[in-house]
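Chemist: Predicted model follows, preceded by the sequence.
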Amino acid sequence: MSNETSFPALAGGPGAEQAGEHEGSRAGRSTLSGQNFQPADNGVSKDTRRRVIAASFIGNFVEWFDYAVYGYLAVTIATVFFPGSDPQTGLLLTFALFAISFLVRPLGGFVWGHIGDRVGRRTALSLSILIMSGATFCIALIPGYSTIGIWAPILLLIIRVVQGFSASGEYAGASAFLVEYAPANKRGVYAAVVPASTAAGLLLGSLIAGLLTVLLSSDAMQSWGWRLPFLLAAPMGLIGRYIRTKLEDTPVFRELAAEDEAVKAPVSSLFRNHWRQLLQAVGAVLLNAVGFYVILSYMPTYLSSELGLGETESFLATTIALLTYIGFIFLTGMLSDRYGRKKVLIAASVSFILLTVPAFALLGTGNFLVIVLVQILLGAMLTLNDGTLPSFLAEMFPTRVRYSGFAVSFNLSNALFGGTAPFMATLLIAATASDLAPAWYLVAAAVISLIAVALSRETCKEPLRHE
């Protein structure tokens with residue numbers, strides 16, 4: 001990162017092109033209404049930028065750590081909460097709970113988007129991480145089916161719904177936070193911190209789940225071992241909230257607040273004035289929604305339950321793939337800053353259309369080295385989308401509805417197609433008797449995302465829009 005960081009300021013007013021030379025001066029800024037934000041030096045220190053990155057990182061880290069543990073321990077959780085079911089039915093019920101928790105995400109997107117655009121990004125992020133980490137901690141406290149019967153899965157469902165609601169503002173809010181703090185020519189690589197934190201959470205979840213599987217007996221895992229990872233959410237969430245409360249809101253939001261330009265009903269404004277961008281964003285997110293959950297969350301279950309690979313080998317293969325994935329994420333962010341968001345996102349869709357089915361066919365060989373290499377390939381393909389999408393979506397919407405536009409589109413697509421991906425993959429395999437069914441599901445998602453991205457406009461070289 002350079003020592004001089006640019007932040008969105010205002011264009012079109014007297015002296016706007018010299019805004020960077022008049023730090024803090026109102027003379028170099030025009031009124032906010034109808035203007036674009038141009039790069040300006042807001043005098044933010046290196047330490048502040050580091051804390052912004054840390055604050056954005058940790059919330060998604062906690063969220064996806066939970067989802068990783070839930071996905072990687074799905075077989076054990078199915079046994080604890082649905083003991084009378086056959087293995088495949090138990091898995092379907094476990095993933096059904098996973099999917100149902102996503103149905104509340106669009107509602108959460110409306111709520112957190114309103115708070116983020118009306119009250120402030122920092123306020124929304126500070127509240128969401130507190131609720132999310134508390135709900136995750138509570139999962140560890142639920143007695144199993146053998147103790148309280150049907151109340152066990154009911155309580156699990158309620159808590160996962162709370163998680164889904166609270167987590168629905170995290171990805172969007174952290175992305176908007178980073179993009180609005182980032183230098184104009186580094187918005188892609190700054191925003192890549194968000195998917196990197198997601199992968200890091202998955203990585204830690206994979207490591208802990210794998211370690212517990214190796215160290216503990218099956219009885220110990222079902223009795224108490226599966227609870228341990230969920231207990232870690234509380235201290236991590238408290239640390240994240242503390243960091244966030246010590247930050248100021250983003251420069252562009254503070255500009256809006258100072259001029260009293262924040263929209264009173266941002267979600268209403270979003271649907272009324274920006275519905276085309278909203279539809280394009282929902283389509284663009286589709287590949288990310290399906291690909292993320294199939295490749296990074298469902299894959300260990302797919303390898304062990306459908307292909308017969310040992311659980312330890314499945315966890316190890318996924319862990320290796322996640323390590324490379326994190327590195328690819330930042331590379332993709334840099335590529336999108338240099339060549340544009342659309343080109344990188346289109347490359348992601350085309351690669352999935354052409355390579356997904358052959359890649360899944362190679363997984364069926366059962367060769368561990370081949371499986372690892374294929375997972376690395378699939379992860380690299382996904383980073384082309386995942387590493388570019390946060391900046392693409394944040395730049396698509398103007399500042400006054402940016403949080404709402406990102407949160408609603410991202411959560412709507414994830415509710416319909418992301419949270420249901422493990423369930424759909426398991427169901428499609430059962431219905432078709434083909435291990436390649438999840439691959440074709442991914443191809444269909446890539447086709448829709450390709451069309452949506454092709455219809456959108458390139459934004460990486462443009463200033464952040466106010467209106």
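Modeler: Thanks, I have the structure now. Numbers count the residues shown, from 1 in each chain.
Chemist: Which residue lies nearest the spatial centre of this protein?
Modeler: Y171 (4.8 Å; Cα atoms, centre = their mean).
Chemist: Just say helix, strand or coil for that residue.
Modeler: helix (DSSP: H, G, I helix; E, B strand; the rest coil).
Chemist: Would you state the strands of this protein in chain order?
Modeler: 7-8, 39-40 (DSSP state E).
Chemist: For the ones you listed, which has the smallest mean pLDDT value?
Modeler: Lowest mean pLDDT of the strands of the chain: strand 7-8, a mean of 34.
Chemist: Check the offset of the longest helix along the chain from the chain's centre.
Modeler: Longest helix of the chain, by residue count under DSSP state H: helix 311-339. Distance of helix 311-339 from the chain centroid (Cα atoms, centre = their mean, to the nearest Å) equals 14 Å.
Chemist: And stretch 159-167, by the same measure?
Modeler: Offset of stretch 159-167 from its chain centre (Cα atoms, centre = their mean): 14 Å.
Chemist: Skipping its backbone neighbours, what lies nearest E170 in space?
Modeler: Leaving aside its chain neighbours, E170 sits nearest to G59 (4.8 Å; criterion: Cβ to Cβ, 6 or more residues apart in numbering). No exception for glycine: its C-beta is placed from N, CA and C like everyone else's.
Chemist: List the contacts of the one you found.
Modeler: With contact taken as Cβ atoms under 8 Å, 6 or more residues apart in numbering, G59 is in contact with L125, S128, I129, M132, E170, G173, A174, S197, G240, R244.
Chemist: Could you give the average pLDDT over the longest helix of the chain?
Modeler: Mean predicted confidence for helix 311-339 is 86.
Chemist: Give me the buried positions along it.
Modeler: Using 16 or more other Cβ atoms under 10 Å as the test for burial, helix 311-339 gives 311, 313-322, 324-326, 328-330, 332-333, 335-337.
Chemist: Kindly report the same for stretch 133-150.
Modeler: So for stretch 133-150, counting by 16+ other Cβ under 10 Å, buried means S133, G134, A135, T136, F137, C138, I139, A140, I142, G144, Y145.
Chemist: which non-adjacent residue is nearest R465?
Modeler: P398 (4.3 Å).
Chemist: any idea how far P463 is from the one you found?
Modeler: Note on P398: its distance to P463, by Cβ to Cβ, to the nearest Å, is 11 Å.
Chemist: Which of the two has more residues huddled nearby?
Modeler: The residue with more neighbours, out of P398 and P463, is P398; 20 against 17, by other Cβ atoms under 10 Å.
Chemist: I'd say that one and T459 touch.
Modeler: No - counting by Cβ atoms under 8 Å, P398 does not reach T459; the two are 11.0 Å apart.
Chemist: any idea how far L455 is from E259?
Modeler: According to Cβ to Cβ, L455 stands 33 Å off from E259.
Chemist: now G120
Modeler: G120 sits 14 Å away from E259, taking Cβ to Cβ as the criterion.
Chemist: And for Y181?
Modeler: Y181 is 19 Å from E259, by Cβ to Cβ.
Chemist: Just want to know which of the two has more residues nearby.
Modeler: Ranked by neighbour count (other Cβ under 10 Å), Y181 and E259 place Y181 first, with 26 against 13.
Chemist: Can you tell me, leaving aside adjacent residues, what's nearest to that one?
Modeler: Once flanking residues are discounted, Y181 sits nearest to V52: 5.0 Å by Cβ to Cβ, 6+ apart.
Chemist: what does L231 give?
Modeler: If the residues on either side of it in the chain are set aside, L231 comes closest to A140, at 4.7 Å by Cβ to Cβ, 6+ apart.
Chemist: show me what contacts the one you found?
Modeler: R227, L228, F230, L231 are the contacts of A140 under Cβ under 8 Å, 6+ apart.
Chemist: just L91 next, same as before
Modeler: For L91, the contact set (Cβ under 8 Å, 6+ apart) comprises A74, V75, A78, T301, S305, T426.
Chemist: out of the residues you listed, which one sits closest to N273?
Modeler: T426 (40.4 Å; Cβ to Cβ).
Chemist: okay, that closest one: pLDDT?
Modeler: T426 carries a pLDDT value of 80.
Chemist: give the contact list for it.
Modeler: By Cβ under 8 Å, 6+ apart, the residues touching T426 are Q88, L91, L92, F95.
Chemist: For it, give its distance to T356.
Modeler: According to Cβ to Cβ, T426 and T356 sit 18 Å apart.
Chemist: so which of the contacts of T426 is the most crowded?
Modeler: F95 leads the contacts of T426 on contacts (other Cβ under 10 Å) with 28 neighbours.
Chemist: just to revisit the earlier point, narrow the contacts of T426 to those in helices?
Modeler: Q88, L91, L92, F95.
Chemist: Which residue in those residues has the weakest pLDDT?
Modeler: Ranked by pLDDT, the ones in helices among the contacts of T426 bottom out at Q88 (70).
Chemist: Share the number of residues neighbouring the closest residue to it other than its chain neighbours, please.
Modeler: Closest residue to Q88 apart from its sequence neighbours, by Cβ to Cβ, 6+ apart: A430 at 6.5 Å. By other Cβ under 10 Å, 14 other residues sit near A430.
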